[in-house]
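Chemist: give me coordinates for this.
(one chain, ligands or ions: 1)
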Amino acid sequence: MCTSITLYTKDHYFGRNLDLDVTYGESVTITPRNFLFKFQKVPDIQNHYSLIGMAIVVDNYPLYFDATNEKGLSMAGLNFPENACFFLEKADKDNVSPYEFIPWILSQCKSVKEAKGLLAKINLVNINFSDELPLSPLHWMISDQLQSIVVESTKNGLNVYDNPAGVLANNPAFDFQMFNLNNYRRLSPKVSENTFSKSLDLNVYSRGMGGIGLPGDLSSTSRFVKAAFTRLNSVSGTSEPESVGQFFHILKSVEQQKGLCEAENGEYEYTIYSSCCNMDKGIYYYTTYENSQITAVDMHKEDLDGTVLTAYPLVNEQQIRFMN
Ligand SMILES: C[C@H](CCC(=O)NCCS(=O)(=O)O)[C@H]1CC[C@H]2[C@@H]3CC[C@@H]4C[C@H](O)CC[C@]4(C)[C@H]3C[C@H](O)[C@]12C
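Modeler: Take a look at the predicted model:
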């Protein structure tokens with residue numbers, strides 16, 4: 001399971017938790033403007049926006065889990081098992097494979113508005129990257145400095161939803177997740193009046209009681225509600241450290257601690273990494289399960305007019321600042 005969010009303060013931020021029981025050996029990967037993006041069915045792209053994000057690089061191809069381009073447009077792929085459906089090639093469409101989807105959109109578009117233009121022509125085609133890396137059942141959140149959308153390819157075709165909650169988790173489909181928020185409309189950061197009954201004198205014995213009923217478990221529906229409530233009520237200072245700090249606090253509200261979420265194989269799913277990319281500055285911040293210190297990579301410190309990928313392996317050892 002995973003959760004992705006945006007946060008807007010003075011700058012704009014996009015990121016996600018990646019929750020899984022195994023790591024892929026991913027690294028923070030920068031794709032410069034003149035790296036040749038090869039595609040299976042649509043024309044290759046030689047000159048494009050540069051990208052920064054989390055990826056594994058296989059055969060010199062950046063398989064992005066989440067990324068942001070130099071204009072700020074951002075995308076994350078999250079698990080959508082049983083529901084995701086990819087199709088045979090269609091003659092009148094741009095046939096883009098799910099693993100090519102992030103490069104296809106982020107290399108060409110500078111906004112969600114522009115992405116919607118490309119989405120109108122896309123058929124997410126069921127072509128593997130390789131036998132070892134078959135298709136993943138994903139859905140995606142796409143965000144810019146103004147808005148977010150969600151893209152789900154199901155047996156009914158390609159659905160594009162506006163996403164005013166600014167959050168995505170996993171199953172079920174996004175329209176259900178949004179509808180489900182109706183059930184929580186009474187929640188509030190404020191303590192509410194006693195509407196239970198006039199004949200009982202019910203006390204406010206604790207702060208935070210306006211949030212009683214907010215789910216705290218790790219299921220996808222619960223994480224969606226928790227992350228949405230937390231994000232939408234979050235208050236942050238506007239400086240970079242305050243914004244990045246607040247972003248990670250929101251993500252940590254839906255973090256998966258080891259041992260709490262058992263997978264079918266007896267392993268435990270946990271939050272392998274949490275990321276926060278400053279969409280305006282192209283700085284990718286992350287923490288890992290093992291290392292709580294925030295590590296950052298700045299795309300503008302690289303040669304963005306180059307042709308080769310740069311990959312920074314994750315700093316994965318706990319960094320503790322001893323004071324004596
Ligand atoms: C598994 C992850 C989602 C986390 C999650 O939600 N886990 C729930 C597990 S559980 O369902 O609850 O048991 C997703 C998120 C992004 C994905 C990569 C995207 C690029 C590439 C696409 C290729 O086509 C296949 C390989 C590839 C490297 C992908 C592997 C994997 O699919 C990644 C890591």
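Chemist: Val191: what secondary structure?
Modeler: Assigned by DSSP: H, G, I helix; E, B strand; the rest coil, the conformation of Val191 is coil.
Chemist: list the contacts for it?
Modeler: Contact analysis of Val191 by C-beta atoms under 8 Å, 6 or more residues apart in numbering lists 204, 207-210. For the C-beta atoms, the positions are set from N, CA and C on the backbone; glycine is no exception.
Chemist: distance check, it against Arg207.
Modeler: To Arg207, Val191 is 7 Å away according to C-beta to C-beta, to the nearest Å.
Chemist: near the ligand, which residues of the chain show up?
Modeler: Within the chain, the residues that sit near the ligand (C-beta under 6 Å from any ligand atom) are 1-2, 18-20, 24, 56, 63, 65, 77-79, 81, 98-99, 129, 133, 135-136, 170, 263, 269.
Chemist: out of these, which sit inside strands?
Modeler: Members of the residues of the chain next to the ligand lying in strands (criterion: DSSP state E): 2, 18-20, 56, 63, 65, 77-79.
Chemist: neighbour count for those - can I get that in a markdown table?
Modeler: Shown next, in a markdown table, are these (neighbours: other C-beta atoms under 10 Å):
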| residue | neighbour count |
| --- | --- |
| Cys2 | 25 |
| Leu18 | 28 |
| Asp19 | 26 |
| Leu20 | 19 |
| Ile56 | 17 |
| Leu63 | 21 |
| Phe65 | 25 |
| Gly77 | 27 |
| Leu78 | 26 |
| Asn79 | 19 |
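Chemist: for the residue of the chain most remote from its centre, helix, strand, or coil?
Modeler: The centre of the chain is farthest from one residue, Ser199, which by C-alpha atoms, centre = their mean lies 47.1 Å away. Secondary structure, three-state DSSP: Ser199 is coil.
Chemist: need the contact list for it.
Modeler: By C-beta under 8 Å, 6+ apart, the contact list for Ser199 is empty.
Chemist: and the pLDDT at it?
Modeler: Looking at Ser199, its pLDDT reads 97.
Chemist: likewise Ser192?
Modeler: In this model, Ser192 is scored at 84, pLDDT.
Chemist: check which strands are paired with the helix or strand hosting Ile52 and give the direction for each one.
Modeler: Per DSSP states H and E: Ile52 is located in strand 51-58. Strand 51-58 has the following sheet partners, assigned by DSSP bridges: strand 27-31 (antiparallel), strand 61-69 (antiparallel).
Chemist: among the ones in strands among the residues of the chain next to the ligand, which one sits closest to the ligand?
Modeler: Nearest to the ligand out of those is Asn79 (C-beta to the nearest ligand atom; 2.8 Å).
Chemist: from what I can see the closest one touches Leu168, true?
Modeler: No: at 10.6 Å, Asn79 and Leu168 do not qualify as touching, with contact defined as C-beta atoms under 8 Å.
Chemist: which strand residues bridge the nearest residue to Ser27 once chain neighbours are set aside?
Modeler: Take Ser27 and drop its neighbours on the chain: the residue closest to it by C-beta to C-beta, 6 or more residues apart in numbering is Ala311, 4.2 Å away. Beta-bridge pairing for Ala311 (DSSP bridges): Thr29.
Chemist: dump the residue contacts of Ala311.
Modeler: Taking C-beta under 8 Å, 6+ apart as the test, what Ala311 contacts is 27-30, 55, 57.
Chemist: so which of those is the most crowded?
Modeler: Counting neighbours by other C-beta atoms under 10 Å, Ile30 leads the contacts of Ala311 with 28 neighbours.
Chemist: test my guess that that residue contacts Thr310.
Modeler: Yes: if you go by C-beta under 8 Å, Ile30 and Thr310 touch, sitting 4.5 Å apart.
Chemist: shared neighbours of these two, anything?
Modeler: Counting by C-beta under 8 Å, 6+ apart, the contacts common to Ile30 and Thr310 are Glu302.
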